[in-house]
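1. please find the sequence and the predicted model below.
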Amino acid sequence: MIGGLIQQGRPLPIVLGALCRLFDAAAEGYASSVLLFDRSRTQIRHAIGPGLPAAYTRLLEGLPVTSDDRACDGTQHEKPESIIAQLMADILREDNGRALARTYGFKSCWWWPILSLTGVPLGVLAIYQREAGGYAPFPPALVQQLTDIASLAIERTRSDENVRRSEMLLAKAQRLSSTGSFSWCIATDELTWSDELYRIFEFDPDDSVSLEHVIARIHPEDLPSFHALVERARCGGGDLDCEHRLLMPEGTVKYLHLVADGTRDQDGQLEYIGAIQDITERRQSEQVLDKLRTELAHVARVTSLGALTASIAHEVNQPLLGVITNASSCLRILAADPPDLELARETARLAIRDGQRASDVITRLRSLFSKRGATSELVDLNEAIREVLALLFGELQRSSAVVRVELCEGLPPVIGDRVQLQQVILNLVMNAAEAMSGVNDRARRLTIRTRLHKGHCVRLSVQDAGVGITHQDAPRLFDAFYTTKSGGMGIGLSVSRSIVENHRGRLWAEANAGHGATFSFAIPRADEDVPAPRAAQSTRPSTRAVRGAGTSA
């Protein structure tokens, strides 16, 4: 009977109460009780004794187990028997209000410790006699059986409590982190979900869920990749890690991150056990951040416009002057008698060339300072550098910079936003020129290099001979709104780093061995199966020095 109560998981006081009643019925004149300790073994948690007066057992609830703190601090300085002996001595003291009063009708008491399998005291089995007597007439085997059953019941109950507590903590952790767990048996397509996963998918926890129900929730645009994931899982394609979207019935979209490990159950069947996290808030925050970053990047480009005003005027004025000059010459040639038609045609072609050059300058400026979303395309960094240097021709001339361009021939393209990458190049070149503005004792040498980096990346470096980087400035160079320039806003390098990191790359700075500093960024090259704008086999760098400007390599 007692074993059945334990297997049913009945509350511990009921099980121990039934054990005491079983003993009391077999031993006339005796009343048994169990004093159950709390987990810290510092006080009595329950005093269970159906044959004892309720008033007496209530007095024992919460009684300190020992006055010696060392006995219950987990180090077990004293044996369990001495701990329990001290407790029972305190209970049975004549001057203690909890002592056996004659009005309760008990004259004698015997006690035995209830120990766990590891010897930790769980409680006390105490047997009271209504008449004074000598040695307790209980066979040791009977007492041992009673304490063993009590120990089994206590440990089983505490184990169940631990399981329930773990499940509660797991459910709470899943709720707080918006993460649900699942298992998926490949052979039967059986799914087992946690409550949090039902909440994420907005299914009724009382309903069974199939793979078809899940597929019905997948966003239509993500269905091909999700089907491919399912097929890979069925073929035993290893662990799973992916992100996909849900399209809910009311039209809202949820972003989920799935991870799962493939294992074999006891029958050798493939089973995936994993977790799904709702990352919708994170994705929405990233989208907002990307929008703000785009706005900030546009602000950074616009703030550069003031510094480029003189260069713009220089670049546009020269071709326009050429158009006017060539057009005037063409008119004089045509007015001659007889007119030199071939010379007139050549002069007209020169005018058209200069007009196209002016148009190209305006086009580059409009694209650089336009406000538009990021686009992905194949970008030739060498060509991007040439365009930026053409735009900065006048500015670099006025700064007296000696520009040296070392571009790696056959450099593979990268995938990214051309305008954003040109913004990074422009910012690094302008910073290098400004860093040398106060240098008068050496050449203001500015070197721009491209090369392969660690095999799978393309690296661009801008080296100057300026004032260099101090130890104080180095850790904060790329922080937003931190600047070492008196008139700077402190957003150029911060925006540049964000752009490079959005291209899955890295931007860093190094102090030169002599004077100045080198700023570099490296971003992954385009996949080999993506056609490049033009193919070239040589990777030998081409080198050319240009004094005062860097319009070509």
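-> Thanks, I have the structure now. On a predicted model such as this, the values are computed, not experimentally measured, just so you know.
2. contacts, neighbours, all on C-alpha from now
-> Will do.
3. domain ranges for this structure?
-> 2-163, 178-278, 286-372, 374-553 (automatic domain parsing).
4. among those, which is the most enclosed?
-> The highest mean neighbour count among the domains of the chain, using mean count of other C-alpha atoms under 10 Å, belongs to domain 374-553: a mean of 18.
5. model confidence over that domain, on average?
-> Mean pLDDT, computed over domain 374-553, is 77.
6. now Asp340. Nearest residue, chain neighbours left out?
-> Ile333 (6.1 Å; C-alpha to C-alpha, 6 or more residues apart in numbering).
7. which SSE is that neighbour in?
-> Per DSSP states H and E: Ile333 is located in helix 280-335.
8. residue ranges for the helices of this protein, please.
-> Assigned by DSSP state H, the helices in the chain fall at 2-7, 12-26, 54-60, 80-92, 140-177, 195-201, 211-217, 223-234, 280-335, 341-368, 381-391, 393-398, 418-435, 492-502.
9. average pLDDT for stretch 201-208?
-> 88.
10. hmm, who's touching that stretch?
-> Asp195, Tyr198, Arg217 (C-alpha atoms under 8 Å, 6 or more residues apart in numbering).
11. wait, isn't the last one in contact with Leu247?
-> Yes - with contact taken as C-alpha atoms under 8 Å, Arg217 and Leu247 are classed as touching, separated by 5.7 Å.
12. ok, Glu377 to Arg418 distance?
-> Computed as C-alpha to C-alpha, to the nearest Å, the Glu377 to Arg418 distance reads 7 Å.
13. need phi/psi at Asp441.
-> Per-residue torsions, Asp441: phi -100, psi 10 (degrees, to the nearest 10).
14. and the gap between it and Leu52?
-> Distance of Asp441 to Leu52, computed by C-alpha to C-alpha: 103 Å.
15. ok, Arg345 next?
-> Between Arg345 and Leu52 the distance is 125 Å, computed by C-alpha to C-alpha.
16. so the closest residue to Leu146 other than its chain neighbours versus Ala153, what's the distance?
-> Once flanking residues are discounted, Leu146 sits nearest to Leu19: 7.7 Å by C-alpha to C-alpha, 6+ apart. Distance, Leu19 to Ala153, by C-alpha to C-alpha: 10 Å.
17. same check on Leu507?
-> 64 Å.
18. who's sitting farthest from the centroid in this protein?
-> Asp337 (80.9 Å; C-alpha atoms, centre = their mean).
19. and stretch 348-368, average pLDDT?
-> If you average the pLDDT values across stretch 348-368, you get 72.
20. tell me the pLDDT at the residue nearest to Gly262 when sequence neighbours are not counted?
-> Of all residues beyond its chain neighbours, the one nearest Gly262 is Tyr272 (4.4 Å), with distances taken as C-alpha to C-alpha, 6+ apart. Predicted confidence (pLDDT) for Tyr272: 90.
21. ok, what's across the strand from Tyr272?
-> Per DSSP bridges, the residues bridged to Tyr272 are Trp184, Gly262.
22. I'd like to know the average pLDDT value across the helix holding Ile333.
-> Here the average pLDDT along helix 280-335 is 71.
23. need the contact list for the residue nearest to Tyr128 when sequence neighbours are not counted.
-> Excluding the flanking residues, the one nearest Tyr128 by C-alpha to C-alpha, 6+ apart is Cys109, at 4.4 Å. Shown in contact with Cys109 (C-alpha under 8 Å, 6+ apart): Ala126, Ile127, Tyr128, Gln129.
24. give me the phi and psi for the closest residue to Arg21 other than its chain neighbours.
-> Spatially, and ignoring its direct neighbours in sequence, Arg21 is nearest to Pro50 (6.6 Å; C-alpha to C-alpha, 6+ apart). Backbone torsions of Pro50, given as degrees, to the nearest 10, read phi -60, psi -30.
25. Pro50 reaches Leu22, doesn't it?
-> No - with contact defined as C-alpha under 8 Å, Pro50 does not count as touching Leu22 (10.3 Å).
26. relative to Leu258, how far out is Ala513?
-> 48 Å.
27. make that Gly322, sorry
-> 63 Å.
28. and Ile149, by the same measure?
-> 46 Å.
29. cool, Ser328 as well?
-> Ser328 is 71 Å from Leu258, by C-alpha to C-alpha.
30. also Asn382?
-> Separation of Asn382 from Leu258 (C-alpha to C-alpha): 40 Å.
31. now Gly51
-> Distance of Gly51 to Leu258, given as C-alpha to C-alpha: 58 Å.
32. now the domains of the chain in a markdown table, with distance to Leu170?
-> What follows is those, written out as a markdown table (distance: least, C-alpha to C-alpha, whole Å):
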| stretch | distance to Leu170 |
| --- | --- |
| domain 2-163 | 10 |
| domain 178-278 | 10 |
| domain 286-372 | 28 |
| domain 374-553 | 35 |
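33. which one of those lies nearest to Leu169?
-> Nearest to Leu169 among the domains of the chain is domain 2-163 (9.8 Å), distances taken as C-alpha to C-alpha.
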